[in-house]
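**Student:** Curious how this folds, go ahead:
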Amino acid sequence: MKKYLLLIFVLLSSFVANAQLVKSDIMNRIFESKPEAVFRIQFDESYFYLLAWNNKDYSVIGKYPYYLSNKEEDSFEQAKVGTETSGNYLITLNSKLDDNNNKINFLTAFRIESIAGESLSLSNKEYCFEFIDKGVATSKDIAKLAKYKERKLGFGPKR
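**Tutor:** Below is the predicted model:
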């Protein structure tokens, strides 16, 4: 009986831990959207980058500060960026333009549904995203992000 209880405990623990993301699981890795690899996401210490396919290569279309949290949050805490190392939620700061072309910042919280083997599943109140782990970013991939590292948040390439 003790063996069965121990086995059940281990199985439940592994199921719960599966949705716990550790920053080292995503650092400098490339994830492509499923089923078509239209988008890629790539993480560094403080930002995640959204890349889109442009008929010949991937181009960075967004840079977003993020941190990991154990709960869904209502406000973005800049002090946690780059410091939180694990959690069940990926908390990001996004921006959009209002009708008067003023930038508005807003928080998006993604629940980490699973990270296992070669896949990453994220969801929020509206969408569920599936990504395939494409491996460690190459020096070419990292160089592509370099020009965005010092950029302020906003839309599109710096002009």
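**Student:** ok, how many other residues are close to Trp42?
**Tutor:** One correction, residue 42 is Gln, not Trp. Neighbour count for Gln42, taken as other Cβ atoms under 10 Å: 23. Backbone N, C-alpha and C define where each C-beta goes, glycine included.
**Student:** Sticking with Lys63, tell me its helix or strand.
**Tutor:** Using DSSP states H and E, Lys63 maps to strand 58-69.
**Student:** That strand pairs with which strands?
**Tutor:** Strands that pair with strand 58-69, judged by DSSP bridges, come out as strand 47-53 (antiparallel), strand 89-97 (antiparallel).
**Student:** can you list the ones you listed in JSON lines and add mean neighbour count?
**Tutor:** Shown next, in JSON lines, are these (neighbours: other Cβ atoms under 10 Å):
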{"stretch": "strand 47-53", "mean neighbour count": "18"}
{"stretch": "strand 89-97", "mean neighbour count": "17"}
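**Student:** Dump those into TSV; add distance to Tyr64 as well.
**Tutor:** Shown next, in TSV, are those (distance: least, Cβ to Cβ, whole Å):
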stretch	distance to Tyr64
strand 47-53	6
strand 89-97	5
